[in-house]
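Peer 1: structure here, sequence nowhere to be found:
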C-alpha cells in the first residue's frame, strides 16, 4: 500500500516551546489529510481535516491557534503545537487520502511528551 | 458522535476465522465502509473497504449486508499477529474521517 511518513516518531520538549510534526505522502498525492490525537487506551480523536491549499477545518474543542496545521502541497502537511504544555502530551497521528472511494493511509504516529 | 458501533472486545483461537461485526445503520448512499486496525503504539493500518459488494483481499474479506446497515470483517485464519484494535468507519470523498471505539481482538494460542 501507499506510504505516509510522519516525523519525528517521538519528541520531548519543554513546556512553553513549540513543536512541529511533519506528515508526507511518499508515493501519492494527498488531496485530504487528517490529524488525530490519541490518549492511552482511547480511540483516535480527529483534530482537523485539511485539503491542499485550503485552511484546515478544526473539530469542536480543538484550538486552531494552538494547533497550527499547514497543508501547503499535495504531499506535505504539518502540525505545529504552539506553547506546548504537559496536557498536550499525547500520540499524534496523521493520515492522507486521495479522494472519493480511496482508502486513507496513516503515518506511524508521533509521541509527544511535554516536560 | 461515532457513525459506527462495534463490540468492545472479542477473542478468537489461533488458526480459526475471526468475524468482527460493525453496525453503521445511518450510513448514507455514497459512503464507503472502511476497516483499519491498530497495533499498540503504531499508526492504524488499512485493511479493506467497500461500497455495497462484498470484497476480498490478501488480508481479509468484507461482507456488507444488502441494506448496508452493517458489515462483518473476516480474518480467515487468525494468527497471533492479528491481535489489535479493529476500527470500522464510514466515509465519503473528503469528508472527515472519524473513528469509534473499535473492537479489541485477542488471538488466543
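Peer 2: Great, that's in hand. Since we're looking at a predicted model, the values are computed, not measured. Numbering: from 1, shown residues only, chains lettered A, B, ... in the order given.

Peer 1: how about the strands in chain A?
Peer 2: Applying DSSP state E to chain A gives strands spanning A:4-7, A:10-13, A:19-25, A:32-38, A:45-51, A:57-58, A:67-73, A:76-81, A:90-97, A:105-106, A:110-114.

Peer 1: how about the second one and chain B, any contact?
Peer 2: No: for strand A:10-13, no contact with chain B is found by CB under 8 Å from any CB of the partner chain; the gap never falls below 10.0 Å. Using the backbone N, CA and C atoms, a C-beta is placed for each residue, glycine as well.

Peer 1: what does stretch A:69-77 contact?
Peer 2: Stretch A:69-77 is contacted from outside by A:22-26, A:29-31, A:33, A:35, A:48, A:50-54, A:56, A:58, A:78-80, A:94, A:96, using CB atoms under 8 Å, 6 or more residues apart in numbering or on different chains.

Peer 1: find the centremost residue of chain A, please.
Peer 2: residue A:35 (3.6 Å; CA atoms, centre = their mean).

Peer 1: show the pLDDT at the closest residue to that one other than its chain neighbours.
Peer 2: In space, and not counting its chain neighbours, residue A:35 is closest to residue A:47: 4.6 Å by CB to CB, 6 or more residues apart in numbering or on different chains. On the pLDDT scale, residue A:47 is placed at 96.

Peer 1: residue contacts, residue A:47?
Peer 2: For residue A:47, the contact set (CB under 8 Å, 6+ apart) comprises A:35-37, A:58-59, A:62, A:67, A:79.

Peer 1: can you name the residue of chain A nearest chain B?
Peer 2: residue A:106 (3.8 Å; CB to the nearest CB).

Peer 1: give the bridge partners for the residue nearest to the centre of chain A, please.
Peer 2: Counting by DSSP bridges, residue A:35 is bridged to residue A:48, residue A:94.

Peer 1: quick check, it in contact with residue A:79.
Peer 2: Yes: counting by CB atoms under 8 Å, residue A:79 is a contact partner of residue A:35 at 5.2 Å.

Peer 1: overlap in contacts, these two.
Peer 2: Common neighbours of residue A:35 and residue A:79 (CB under 8 Å, 6+ apart) are A:23, A:47, A:67, A:69, A:92, A:94.

Peer 1: helix or strand: which one has residue B:95?
Peer 2: Taking DSSP states H and E as the definition, residue B:95 sits outside all helices and strands.

Peer 1: what about the closest residue to it other than its chain neighbours, how many residues close to it?
Peer 2: Distance criterion CB to CB, 6+ apart; nearest residue to residue B:95, sequence neighbours excluded, is residue A:49 at 7.9 Å. The burial count assigned to residue A:49 is 21, neighbours taken as other CB atoms under 10 Å in any protein chain shown.

Peer 1: what residues are up against residue A:49?
Peer 2: A:32-34, A:56-57, B:94-97.

Peer 1: for residue A:22, same thing?
Peer 2: Contacts of residue A:22 (CB under 8 Å, 6+ apart): A:6-7, A:76-78.
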